[in-house]
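Participant: prediction below, plus the sequence it came from.
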Amino acid sequence: MPSPRYAREIPTRYRLEAGRCKGCGKVVYPARLVCPACRGRDFETVTLSRKGKVITSTVVHVPPDDFLMEAPYAMAVVETPEGARFMTQVVDCDPSTVLPGMDVALEFRLIRKEGKSGILCYGHKGVPVA
Amino acid sequence: MAGIVGYGAYIPRKRITTEEIARQWGKNPQTIERGLLLKEKSVPGFDEDTITISVAAGRSAIDRAGVDPQKIGALYIGSESHPYAVKPSGTVAAEAMGIGPEVHIADFEFACKAGTEAMFVALGLVESGRVEYAMGIGADTSQGAPDDALEFSASAGGAAYIFGRDNLIAEVLETYSYTSDTPDFWRREGEFYPRHGGRYTGEPAYFTHVLSASKGILEKTGLKADDFAYAVFHMPNGKFPLTAGKKLGFKEEQLKTGWLVNTMGNTYSGSSPTGLAAILDVAKPGDLILLTSFGSGAGSDSFVLKATDRLPEVQGLAPTVRSMLDGERQYLTYGEYAKFREKIIVND
Amino acid sequence: MREVAIVGAGMTRFGELWKYSLRDMFVEAASGALHDAGADRLDSMYVGCMSGGQFVGQEHLGPLMADHLGMTGVAAVHVESACASGGVALRQAFMEVASGMSDLVLAAGIEKMNDGADVTNVLATAADQETEVYYGITFPGLYAMIARAHMQQYGTTEEDLAWVAVKNHKHGAMNEKAQFRREVTAEEVMSSSMVSEPLRLLHCSPVTDGAAAVLVCPLEMAKQFTDRPVKILASGLATGSMALADREDPAVLDSVQKSGERAYEMAGIGPRDVNVAEVHDCFTIAEICCTEALGFVEKGKGGPAAKEGFTALGGCIPVNTSGGLKSKGHPVGATGIAQTIEIFRQLRGEAGARQVENARIGLTQNMGGSGASSVVHIFEGV
């Protein structure tokens, strides 16, 4: 992944920084220029809580090349208490237990490696709450 | 007086037992367990490395310290398994923890001593008054070569310490380092696994430095083993730290809280720092703690710490070491372990 | 706007066409359409293709295809909307003729998927790169999440999903252009290997090469080319949120609903008036969600439609008599035009064993990505 494209996403992926629309209050993650709900352009930065609930999920058995060794892995749409939704893996558990309604904590993890010589790409994944 | 204002640790949730590894190589698990006093060890997932472990431990340290990460003026991560050969672990971890950009960052290495090294420098910087808070982390995901003794012990985990002058949870009363050129264990650039000098790693390396540093700090402070509530030493296997402790006059009750290696394995730069975290999780105000690390090559850093009245207030603010060692975990077969530790060759 | 008709159609077989390049396939389909209409010139052409660039390293497909058709000089442009590229190419052709700007416009769809590219990665470019693909999701994974949400909310079962594949294979077995011309049983589908839970191999459309093309002209000119033109009554296009996570309800395809509503309004008809439909079954769950979104069945009730025969040949609203993407194959950019050709044949009474009796109004729905784009066309036999 080209470095500039990766580096731009650091606040979003490393710190879960989202945008709250000052017009309608919608929390947009990742942050954007235009609010998808009201088309407003005025936002304040808000950091998402490191926890959420699974909205829907699947277990990927046939992965893309970069994720070959990790399959099968569970992926889910997770919703944080702020109402932001995003997609990520849910790990450190039996993937078949990752179902809608599960509570997860969000932990900082290595998402992918760009082959043997490229950069390391980080982000957050869900881990079931004990 | 400077000391620790917050601490945190992280141990991955996957495990492999000594029995499973022994079975792979046709060895007798009971013999290994008795000889090395190792039952199981932690295994990092594909998505875990020194950086992710540092962030998890660092976030817990920030929670316990109650400090705004923007006030942390220095971040040092010591490891034997920094994810990049060239590009710091500290910068990634700092961004994830909300530290910086007004911060000094450096990565440290010195085999298994790199964690206490980072702590030593963080402490010194705060003592000098150059920064208000500094974080030192020891974390590792080092590997042992297949069918080698180290394969039973090399594991993953780490601990983070924020040093400051106010609201301490533990004062650092004294430090003492003992270092010499002793080539007991090394890894050349480009090699995947380290090499070691077999029995040479024992008396001339580990024991000489651990005992010299510990004796040195006891002399410097005028303290005796009996004065301490706890002692923790670097744990390359189950036996060495207990032997060192006994030689210095410590009893089992003083040693057992920090002695995690039996179910954690040797987390290298995270070893004694994580042992210290386990002690801080339960220590009472006024307790004296001895910490002596060891890094091959070779050297030991000793610290004498004293728990303050504030410690009990923060113990519950983040996961404890015991909750991570004894809580939910997933046991792997050797095949899964080999997959996670990238011992299986695939094309790029 | 003038009334517009389709007057000719041509397509390659769909399958693993090892001996045919992207340009070869285009030429076969395009010249087939021209020949079918007895036409020998074009004013312009639209070439729908998801990714010539990533599959075979070739962009700038408009001029390339015009060149290889022997029509260098003709206005030509590449159109892209992921798996809806073909449907959007038709829409562009329709608008160019309806507006009066051109008389003879070719709408083509092409895709070459089997030349060694990493198909999973290329298809994933239709999803959100930064928020979905980054974390390891695949196309089947996105639809699997939609399936799970639908199953959880509406009680749709794995067997319901399997019956969509069974139905479409039954139809496809009668289509000489189809990639898979054999029937499958529900047991076979439900025991095929897992791709992304709950979707198995036989729930997923295959990797296919193919090309399809139709010739579009003003209705008033159509008799020059054929006795049985098919009128394009309407075109409706809509977009939806790119990321699945951004959708209010992951089990509902908003873009399909909106594109359908726009097309119905333009045509002045409703779902009950449609006699035969080609719907985007890239995965079995997609057919279920699309039939709901198009109003063929009530919301949440799409599950049993295939099993109960509601959407089978001979049922209330036959869906995917061609075999659908599942059995006919899914050369991504070509699908929208292939759907059009099936309806073209149905409305002319040329569908042979697959013929829907007295089919007068037909509908195609072609979707991109996990539902980020959808285009619906409504046709009438003249």
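Facilitator: Cool, got the structure.
Participant: from here on, contacts and neighbour counts on C-alpha atoms
Facilitator: Fine.
Participant: closest residue of chain C to chain A?
Facilitator: Here chain C gets closest to chain A at one residue, residue C:196, 4.3 Å apart by CA to the nearest CA.
Participant: out of the helices and strands in the chain, which is least certain?
Facilitator: The chain I'm using is chain A. None of the helices or strands of chain A scores lower by mean pLDDT, DSSP states H and E than helix A:3-7, at a mean of 91.
Participant: oops, I was thinking of chain B
Facilitator: That would be, for chain B by mean pLDDT, DSSP H and E, strand B:195-196 at a mean of 87.
Participant: what packs against it?
Facilitator: On a contact count with 3 or more CA pairs under 8 Å, 6 or more residues apart in numbering or on different chains; DSSP states H and E, strand B:195-196 meets strand B:185-186.
Participant: contacts for the strand it packs on?
Facilitator: Outside strand B:185-186, the residues that touch it by CA atoms under 8 Å, 6 or more residues apart in numbering or on different chains are B:111, B:194-197, B:201, B:296-297.
Participant: just the buried ones from the residues you listed?
Facilitator: Among the contacts of strand B:185-186, those classed as buried by 16 or more other CA atoms under 10 Å in any protein chain shown are B:111, B:195, B:201, B:296-297.
Participant: with secondary structure and distance to residue C:9 as added columns, please give those residues in a markdown table.
Facilitator: Formatted as a markdown table, these follow (DSSP: H, G, I helix; E, B strand; the rest coil; distance: CA to CA, whole Å):
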| residue | secondary structure | distance to residue C:9 |
| --- | --- | --- |
| B:111 | coil | 72 |
| B:195 | strand | 71 |
| B:201 | helix | 80 |
| B:296 | coil | 76 |
| B:297 | strand | 78 |
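Participant: name the nearest of these relative to residue C:263.
Facilitator: The closest of the buried ones among the contacts of strand B:185-186 to residue C:263 turns out to be residue B:111 (CA to CA; 68.9 Å).
Participant: tell me how far the residue lying closest to the closest one once chain neighbours are set aside lies from residue B:213.
Facilitator: Spatial nearest neighbour of residue B:111, excluding adjacent residues (CA to CA, 6 or more residues apart in numbering or on different chains): residue B:295 at 4.9 Å. For residue B:295, the distance to residue B:213 (CA to CA, to the nearest Å) stands at 12 Å.
Participant: between those two, who's got more neighbours?
Facilitator: residue B:295 (29 against 25; other CA atoms under 10 Å in any protein chain shown).
Participant: what separates that one from residue B:110, distance-wise?
Facilitator: Distance, residue B:295 to residue B:110, using CA to CA: 6 Å.
Participant: list the contacts of the residue in chain B positioned nearest to chain C.
Facilitator: Closest contact between chain B and chain C, by CA to the nearest CA, is at residue B:47 (11.2 Å). Residue B:47 is in contact with A:109-112, counting by CA under 8 Å, 6+ apart.
Participant: ok, and what's touching the least confident helix or strand of chain B?
Facilitator: Here strand B:195-196 makes contact (CA under 8 Å, 6+ apart) with B:184-187.
Participant: any of these buried? List them.
Facilitator: Of the contacts of strand B:195-196, these count as buried by 16+ other CA under 10 Å: B:184-185.
Participant: where does the nearest residue to residue B:226 once chain neighbours are set aside fall, phi/psi-wise?
Facilitator: With sequence-adjacent residues excluded and distances taken as CA to CA, 6+ apart, residue B:226 is closest to residue B:250, at 7.1 Å. For residue B:250, the backbone dihedrals (degrees, to the nearest 10) come out as phi -90, psi 150.
Participant: for residue B:250, which residues are in contact?
Facilitator: Neighbouring residues of residue B:250 by CA under 8 Å, 6+ apart: B:225-226, B:231.
Participant: who wins for most neighbours among these?
Facilitator: Using other CA under 10 Å as the neighbour criterion, residue B:231 leads the contacts of residue B:250 with 28 neighbours.
Participant: show the model's pLDDT score for residue C:246.
Facilitator: According to the prediction, residue C:246 has pLDDT 96.
Participant: that one and residue C:136: what is the separation?
Facilitator: Separation of residue C:246 from residue C:136 (CA to CA): 17 Å.
Participant: do residue B:158 as well
Facilitator: 27 Å.
Participant: same drill for these two, tell me which one is more crowded.
Facilitator: residue B:158 (36 against 27).
Participant: assumed that one was part of a helix.
Facilitator: No. Counting by DSSP: H, G, I helix; E, B strand; the rest coil, residue B:158 is not part of a helix but strand.
Participant: what's across from it in the sheet?
Facilitator: residue B:10, residue B:139 (DSSP bridges).
Participant: next: the one 4 residues further on.
Facilitator: As for beta bridges, residue B:162 partners with residue B:6, residue B:135 under DSSP bridges.
Participant: test my guess that it contacts residue B:60.
Facilitator: No. Between residue B:162 and residue B:60 there is no contact under CA atoms under 8 Å: 10.3 Å.
Participant: how deep is the residue in chain A that chain C sits nearest to tucked in, by neighbour count?
Facilitator: Nearest residue of chain A to chain C: residue A:60, at 4.3 Å (CA to the nearest CA). Residues lying near residue A:60 (other CA under 10 Å) number 30.
Participant: who's it bridged to?
Facilitator: Residue A:60 has these beta-bridge partners by DSSP bridges: residue A:73, residue C:196.
Participant: any weak-confidence spans in chain B?
Facilitator: Applying pLDDT under 70 to chain B flags the ranges B:348.
Participant: centroid residue for it?
Facilitator: residue B:270 (2.0 Å; CA atoms, centre = their mean).
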